[in-house]
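> Provided below are the primary sequence and the corresponding predicted coordinates.
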Amino acid sequence: MFIIQYLSKLLKILRSGASPPQIAGGLILGMMMGLSPSFFTLTNLFLVLLLIILNVNISMAVFSYAIFSGIAYLLDPWFHNLGYSLLVNMDGLRGLWTTLYNAPMVPFTRFNNTVVMGSLVISIGLLIPVYFLSKTLVIKYREKLEPKVKNSKWVKLLKSNQIYQLYEKLKILGE
Amino acid sequence: MRTKGIIFLLVLFGIIIGLMMLFTDRWLEGQMESIGSSLVGARVEFDGVDFSFIRLHMKWKRLQVTNADNTWRNLFETAAAEFDLDLLPLFSKKVIIENLQLEGLRFNTERLTDGKIEKKKEEPARKSEVMLAIEDKLKAETAQMPVFNLQKYTKKVNVDSLWKLVNLQTPQKIDSLKGIYQQKYSEWQNKISELPSEKELQQVTQQIQSIKVDQIKSPEEFKFAYDQANQIYRQVDSSYKSITSLKSDFDIDLAQVVESQKSVTGWIKQDYQRALNLAQIPDISVSNVAKILFGDRVVQMVQRVLGYVGTARYYSEKMKSTKPEKESPPRLRGQDIHFSATRELPKFWIKQISLSGEAWNEMQITGKVENIVSQQTLIDKPTTIDISGTRRDQAALKLFTTLDYRQEVPQEKIELSLQNMPLSNVKLTNFALLPQKIQQGTGKLSALLNFTGRDFESNIQFAATDLKFDYSDKPTNLDARLVELSRSITESLTLITMDAQAAQAMDKFKFRINSNLDELIASRFKGILSAEIEKAKQQIEGRVRQEVEKYQKELEMLVAQKEQELRSQIQKVENEVKKQEEMIKQKQKEIENQIAAEKNKLQQKLQDEGKNKLKDLFKK
């Protein structure tokens, strides 16, 4: 049921009036927040501010946050290893970390936590590729795939599916 | 740019500030309780926490810290406390407190609710590994602590009934030893039978006798007799050599048998000891009494201090380490790495805690705790605790503690002294022969605990003077002998001294306790019980020896008899061979003499013949 819900949400976002850069912007901001192990960090506060101030798609950000939170959970040991290597094993960076650790406000980002550091580095690395890739994909989807998806047997089948209808009713009742 | 978004943000910010004003106190209370509880291992409760954002001022009305060993009592509690936080370091997530006032400090107070917390199983102990290792050694020491068993001293030893339970092992062992000896002797018998038999010896003798030197005429006969004599000599000599070698082997083997016979004495001792164990005859030694009396309390005291020091060292090591070991935290939690730089403020620093309160029966205490800090290296000052207390009746307390983690090797030093402590109604110890309570007396305690890296040394001295005991709680069902003992001990007891030492150096652990009670109680015990114990011991020993004696004698007889038997057999053959050797030597000599005589005779004849020939020649 969750998969149907997520799929339908994604399709709704893609069909909405938001431009591809807005959707891609929402996706990367949600990704950065989602990959972080804790929501309550200065980095995430800053990202929320950006989300509200910048004209990006908030629904996509929420959607992306949910998806990437799950991915973060799965990749946690890897983030921990990466963060530990960066914070402890790389002697060349020690001076930088020490300065940041003692600088005003920076410690509130919890950068000295291995998982926070690992996930932050990965999300920064993915920022530009994911932005451009998602923007291109949205454009391509709208140009080529959207009409096909609309008229596809699967979507029709899905919509005529008893479970889907029941789910829709439940959703209405719930609302 | 979303204008609406910015407005929304401002509204949201306002709401957050409002909520913070309303709920920060409760949130902070929860956070501090949670952190405190996980540090102490039992519930830590704050009441009436009030935090002012504007003044950066915090206060609470009451703080209770549960005793982890007894969760229905508080380790300590305080009344109102307040302090200011430094503003600028807060921006770097650093908590610096100049002076924390703790008033109304009270120890060991009762709790209304149980302060136990459920510990997560997977969570490792937050204590230094070195301290945990020392704690393990102390636990092992407690497990080995002797126990005073009253029944041991009241029970009379009945050797007859005890004997039914004793399973002597010496007879069986002697039997199996006999079996081994028998086998050995039969092996020797076989070896001896390989020596020349009587018949063979007779044949050789006949051969020797058949050489008739006086009947030899020709040189050929001489040569033949001489060769025959030499051959017989070689044969006899070879027999003699094999007998000598056999004799020496036999002597070695016999020495081993005699040596193995000595283990019988050890077996008898083991049987005796087993019988003694069954009889449970008490062994009163000086060290036993001291450990029975004070062992548990001393170990508990050291363990408690170790617990606190272990926790302090664990956190100091964690904060100090530049390359902390990789942990395996739960998912999404991660591991915090701390970085320190000189001239920077530490993460957490309470510069001074001024405390005042009450401890142990209205003793007024005051003191200072200085430099509770996350990284001592940054401020180059150790953490110190200096508390003193006095009471109207002259009782005094002094506690000075230094926790120094500035150098590579951590150091902790704890000095405690209690003077003029009235001991009325103090429960002394769980020793059945001493009264449970002291009616009157004064006590003095001094303890010094010194930890340096992996080593530690603790000295605890206690002295109780002018003692008078309260006999009201005395157990009524004591055996008459124990009553006599108890009376004898307490009548002469006006002073108790105790000196305990637990130490570890180079990973070697040492624990000892001495007390004047050792000598006193042991001597009283010996005076009353020793005659009886000695008698029972002698009876048991006599019985064991009596039971084992016949087996031992049988064994000794077997050894002696077989030795004599075998030796006489060897001796017989040896004598015969010796005789033959002398005979053949005699024959050889005779032949040689005869040959020499014949030679002379022939030479003389030759000379005479030569002379005659020469004369004949000159005559012609």
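Sure, I can see it.
> give me the number of residues near residue B:70?
Neighbours of residue B:70 under the rule other Cβ atoms under 10 Å in any protein chain shown: 13. Every residue, glycine included, has its C-beta placed from N, CA and C.
> any idea how far it lies from residue B:108?
Note on residue B:70: its distance to residue B:108, by Cβ to Cβ, to the nearest Å, is 9 Å.
> find the nearest non-adjacent residue to residue B:361, please.
Excluding the flanking residues, the one nearest residue B:361 by Cβ to Cβ, 6 or more residues apart in numbering or on different chains is residue B:391, at 7.3 Å.
> sorry, that was for residue A:22
Per Cβ to Cβ, 6+ apart, closest to residue A:22 is residue A:57, 4.6 Å.
> CA atoms only: put stretch B:320-335 into CSV for me.
Extracted in CSV, the C-alpha atoms of stretch B:320-335 (Å, rounded to 0.1, in the frame of the first residue of the first chain):
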residue,chain,number,x,y,z
LYS,B,320,41.3,13.1,25.7
SER,B,321,42.0,10.6,23.0
THR,B,322,43.0,12.1,19.7
LYS,B,323,42.3,8.8,17.9
PRO,B,324,39.5,7.2,19.8
GLU,B,325,38.8,3.5,19.1
LYS,B,326,36.0,2.9,16.6
GLU,B,327,32.8,2.0,18.3
SER,B,328,29.7,0.2,17.0
PRO,B,329,26.9,2.5,17.9
PRO,B,330,23.2,1.7,17.2
ARG,B,331,22.0,2.8,13.8
LEU,B,332,21.6,6.6,13.2
ARG,B,333,23.4,7.4,16.4
GLY,B,334,27.1,7.5,15.3
GLN,B,335,30.1,8.2,17.4
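> mind listing what's buried along it?
With burial defined by 16 or more other Cβ atoms under 10 Å in any protein chain shown, the residues of stretch B:320-335 counted as buried are B:320, B:324, B:329, B:332, B:334-335.
> stretch B:468-477: end-to-end distance?
23 Å (Cα to Cα, to the nearest Å).
> thinking again about what came up before, and chain A, which of the buried residues of stretch B:320-335 contact it?
Among the buried residues of stretch B:320-335, the residues that sit close to chain A (Cβ under 8 Å from any Cβ of the partner chain) are B:324, B:329, B:332, B:334-335.
> tell me how many other residues surround residue B:143.
Counted with other Cβ under 10 Å, residues neighbouring residue B:143 total 7.
> residue B:107 now?
Neighbour tally, residue B:107, other Cβ under 10 Å: 16.
> residue B:425 - that's part of a helix, no?
No - under the criterion used here (DSSP: H, G, I helix; E, B strand; the rest coil), residue B:425 is coil, not part of a helix.
> for residue B:25, give me its contacts.
Residues near residue B:25 by Cβ atoms under 8 Å, 6 or more residues apart in numbering or on different chains: B:49-51.
> out of these, give me the one that has the most neighbours.
The most crowded member of the contacts of residue B:25, judged by other Cβ under 10 Å, is residue B:49 (21 neighbours).
> can you verify my assumption that that one contacts residue B:31?
No - between residue B:49 and residue B:31 there is no contact under Cβ atoms under 8 Å: 9.7 Å.
> one step back: select from the contacts of residue B:25 every entry located in strands.
Counting by DSSP state E, the part of the contacts of residue B:25 found in strands is B:50-51.
> just the contacts of residue B:25 now: which is nearest chain A?
Taking Cβ to the nearest Cβ as the measure, chain A sits nearest to residue B:51 out of the contacts of residue B:25, at 17.9 Å.
> if that closest one is in a bridge, with which residues?
Counting by DSSP bridges, residue B:51 is bridged to residue B:58.
> so who does it touch?
Applying Cβ under 8 Å, 6+ apart, the residues contacting residue B:51 are B:24-25, B:28, B:57-58.
> now a PyMOL select for only the buried ones of those residues.
If you want just the buried ones from the contacts of residue B:51 in PyMOL, going by 16+ other Cβ under 10 Å, the selection is:
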select buried, chain B and resi 25+28+58
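> where does chain B come near chain A, residue by residue?
B:1-2, B:5-6, B:8-9, B:91-94, B:322-324, B:326, B:329, B:331-341, B:344-345.
> just how off-centre is stretch B:467-487 within its chain?
35 Å (Cα atoms, centre = their mean, to the nearest Å).
> any buried residues in it, and which?
Under 16+ other Cβ under 10 Å, the buried positions of stretch B:467-487 are B:467, B:469-470, B:474, B:478, B:482, B:485-486.
> domain-wise, how is chain B divided?
The record, using automatic domain parsing to delimit domains, assigns chain B the ranges B:28-80, B:174-277+B:547-619.
> do you know which of those lies nearest residue B:401?
When the domains of chain B are compared by Cβ to Cβ, domain B:28-80 sits nearest residue B:401, at 14.9 Å.
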